[in-house]
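Student: need a structure here:
(4 chains)
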Protein chains: 2
Amino acid sequence: MSHSRIPEATVARLPVYLRALNSLLDAKISSCSSEELAASAGVNSAKLRKDLSYLGSYGTRGVGYDVEYLRYQISREIGLTQDWPVVIVGIGNLGHALANYSGFTSRGFRTVALLDADSNRHGELVAGLKIRGFNELSAIVHEHGVAIGVIATPAAAAQSVCDRMIEAGIRSVLNFAPTVLSVPDGVDVRKVDLSSELQILAYHEQRKAGLAAAEGTEESA
Amino acid sequence: MSHSRIPEATVARLPVYLRALNSLLDAKISSCSSEELAASAGVNSAKLRKDLSYLGSYGTRGVGYDVEYLRYQISREIGLTQDWPVVIVGIGNLGHALANYSGFTSRGFRTVALLDADSNRHGELVAGLKIRGFNELSAIVHEHGVAIGVIATPAAAAQSVCDRMIEAGIRSVLNFAPTVLSVPDGVDVRKVDLSSELQILAYHEQRKAGLAAAEGTEESA
DNA sequence: CTCAGTTTGTTCCCGCGTTCACAAACTCTT
DNA sequence: AAGAGTTTGTGAACGCGGGAACAAACTGAG
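Tutor: Got it, this is the predicted structure:
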């Protein structure tokens, strides 16, 4: 069986494998073992093999994987053999950075429009695109067949922007605003939460410091 | 038992609860049930209660939670009652955005330095801070007691920057560069991977499209 | 004081994900 | 051609996290 259903945890790692394979290709390496690829991707080799086995049997026992072939198969599985048009809403500091971020525009994704509520900024050029009004969203989505929307607005505006996106036909949302978005079934939301990440680090850091301080105390009583 | 050990999945949700509580406080709501708070945080109420139970018994049966009190307890558990100095390395588009991002500087975190390898940019003011040279890292870390570093450099420089951070005494790293970082034991790394998130969305989007197309076909044979 | 109503804290069970360990399959030498 | 050496793909065991369901504990009315 090939691609009947891939576990979510595996899907989340496929982009990492893909990146590792691209690095190997850049280094002119045409073949590799699961051990090498796993090291390059920062995971256990057994996990890597199991992940790849969900896609199919693309390796050769006793030999390893053909880098170019495997790269193509993962790309195809993720859906990067086609081009995904993307709209970014909210061109503040973060939206500006995203529009210019190369990893965002290259490799299967193409930013087709930048939208902002602030009409003073309309027409301004960012990353080769003119900032347009939010009311053009629906037309742009239909014209380019946009399925993925990126929200980089302040938290207060995020839910409303999200609703309008879904209304316009977008079914996948990447949310950078620090808010929980509620969406109907069939719509995917992924969030990138910068301050949460910092807080999680702080928790562990505090715990490390606490343990270090308790090192001398050991047992009480 | 209070804070002996909190599951990782719970730790990752605490910042979300904290944000929800802050919203409630802004709305002058001083008390809430697990059901309400869970809805506000976008999780199951049973999960919320179990998460909070790892911190201690801060609610009152038959009544609910005191918003202000619970907010303080979570803040304390995460470690936000103290101030965490942070350095950001790599002041390109993304680093610039991070330096200006309010969620980054407020709420327990304080950006104390912006570093960049490009000496042409040294002295430039970003978010009220002068961009400084990367060789000042160690001095800054010692002066301010920095424990958390943010990497917003290109992928090629990330590992080297990470190594120097750890050498300077940093033990928690937030990595925005699209690379796997290898670090010694005792150092925490969290990554924010923008293009991976997009690719995961693309995978699900493609799958939705595939299912919709197969809707007419149904069974083969 | 007692009883009905409410909401938390916790126990139990199930399913997913990770890892180990090994069989299957390939290459290469002799 | 046969056997030794590799490396993949997978079956099985294990542990963690999620959710339902319930007991414990509090409020308030009579």
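Student: continuing past the lowest-mean-pLDDT helix or strand in chain A, what's the next helix or strand?
Tutor: Lowest on mean pLDDT, DSSP states H and E among the helices and strands of chain A sits helix A:102-105, with a mean of 70. Scanning forward in sequence from helix A:102-105 by DSSP states H and E, the next helix or strand is strand A:109-116.
Student: Not counting the helix or strand just after that following strand itself, show me its contacts.
Tutor: For strand A:109-116, the following helix or strand on the C-terminal side (DSSP H and E) is strand A:125-126. Around strand A:125-126, the neighbours that count as contacts under Cβ atoms under 8 Å, 6 or more residues apart in numbering or on different chains are A:91, A:96, A:99-100, A:114, A:131. Yep, even glycine has a C-beta here, placed from its N, CA and C like the rest.
Student: Report the angle between the longest helix seen in chain A and strand B:109-116.
Tutor: Across chain A, the longest stretch assigned as helix under DSSP state H is helix A:194-217. Interaxial angle of helix A:194-217 relative to strand B:109-116 (axes from the mean of the first three to the mean of the last three Cα atoms, to 10 degrees): 100 degrees.
Student: Could you pull up the mean pLDDT of helix A:194-217?
Tutor: Taken as a whole, helix A:194-217 carries a mean pLDDT of 87.
Student: how close does residue A:182 get to residue A:73?
Tutor: 36 Å (Cβ to Cβ, to the nearest Å).
Student: Between these two, which is the more surrounded one?
Tutor: Shown here are residue A:182 and residue A:73; by other Cβ atoms under 10 Å in any protein chain shown, residue A:73 has more neighbours (20 against 12).
Student: Is the more buried one in contact with residue A:56, as I believe?
Tutor: Yes. Between residue A:73 and residue A:56 there is a contact at 7.1 Å, judged by Cβ atoms under 8 Å.
Student: Spell out which residues of chain A are next to DNA strand D.
Tutor: Contact residues (Cβ under 7 Å from any atom of the strand) of chain A with DNA strand D: A:33-35, A:45-46, A:49-50, A:52-53, A:57-65.
Student: Looking at the residues you listed, which are in helices?
Tutor: Using DSSP H, those in helices are A:34-35, A:45-46, A:49-50, A:52-53.
Student: OK, contacts around residue A:71?
Tutor: If you count contacts by Cβ under 8 Å, 6+ apart, then residue A:71 has A:18, A:21-22, A:25 around it.
Student: Mind doing that once more with 10 Å?
Tutor: A:17-22, A:24-25, A:65, A:80 (Cβ atoms under 10 Å, 6 or more residues apart in numbering or on different chains).
Student: returning to that earlier point: please check the ones in helices among the residues of chain A next to DNA strand D and keep the buried ones.
Tutor: By neighbour count, with 16 or more other Cβ atoms under 10 Å in any protein chain shown, these hold A:34, A:52 as buried.
Student: Now render the ones in helices among the residues of chain A next to DNA strand D as a markdown table, adding distance to residue A:165.
Tutor: Converted to a markdown table, these look like this (distance: Cβ to Cβ, whole Å):
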| residue | distance to residue A:165 |
| --- | --- |
| A:34 | 40 |
| A:35 | 43 |
| A:45 | 40 |
| A:46 | 40 |
| A:49 | 38 |
| A:50 | 36 |
| A:52 | 34 |
| A:53 | 36 |
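Student: now the ones in helices among the residues of chain A next to DNA strand D as CSV including pLDDT and distance to residue A:108?
Tutor: Shown next, in CSV, are these (pLDDT from 0 to 100; distance: Cβ to Cβ, whole Å):
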residue, pLDDT, distance to residue A:108
A:34, 98, 25
A:35, 97, 28
A:45, 98, 27
A:46, 98, 29
A:49, 98, 25
A:50, 98, 25
A:52, 98, 20
A:53, 97, 24
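Student: Which pair in the ones in helices among the residues of chain A next to DNA strand D has the greatest spatial separation?
Tutor: The largest separation in those, counting by Cβ to Cβ, is between A:35 and A:53 at 15.6 Å.
Student: Tell me who's in contact with residue A:29.
Tutor: A:21, A:23, A:36, A:40, A:67.
Student: mind running it again at 8 Å?
Tutor: Residue A:29 touches residue A:67, counting by Cβ under 8 Å, 6+ apart.
Student: Model confidence at it, what's the number?
Tutor: Per the predicted model, pLDDT is 97 at residue A:29.
Student: tell me the SS of it?
Tutor: coil (DSSP: H, G, I helix; E, B strand; the rest coil).
Student: distance of it from residue A:20?
Tutor: Residue A:29 is 11 Å from residue A:20, by Cβ to Cβ.
Student: again, but for residue A:169
Tutor: Taken as Cβ to Cβ, the span from residue A:169 to residue A:20 is 34 Å.
Student: who has more neighbours, the two?
Tutor: More crowded of residue A:169 and residue A:20, by other Cβ under 10 Å: residue A:20, with 24 against 14.
Student: need the contacts of strand A:125-126 in JSON lines with neighbour count and pLDDT, can you?
Tutor: Formatted as JSON lines, those follow (neighbours: other Cβ atoms under 10 Å in any protein chain shown; pLDDT from 0 to 100):
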{"residue": "A:91", "neighbour count": "26", "pLDDT": "97"}
{"residue": "A:96", "neighbour count": "22", "pLDDT": "96"}
{"residue": "A:99", "neighbour count": "22", "pLDDT": "95"}
{"residue": "A:100", "neighbour count": "17", "pLDDT": "93"}
{"residue": "A:114", "neighbour count": "27", "pLDDT": "98"}
{"residue": "A:131", "neighbour count": "22", "pLDDT": "98"}
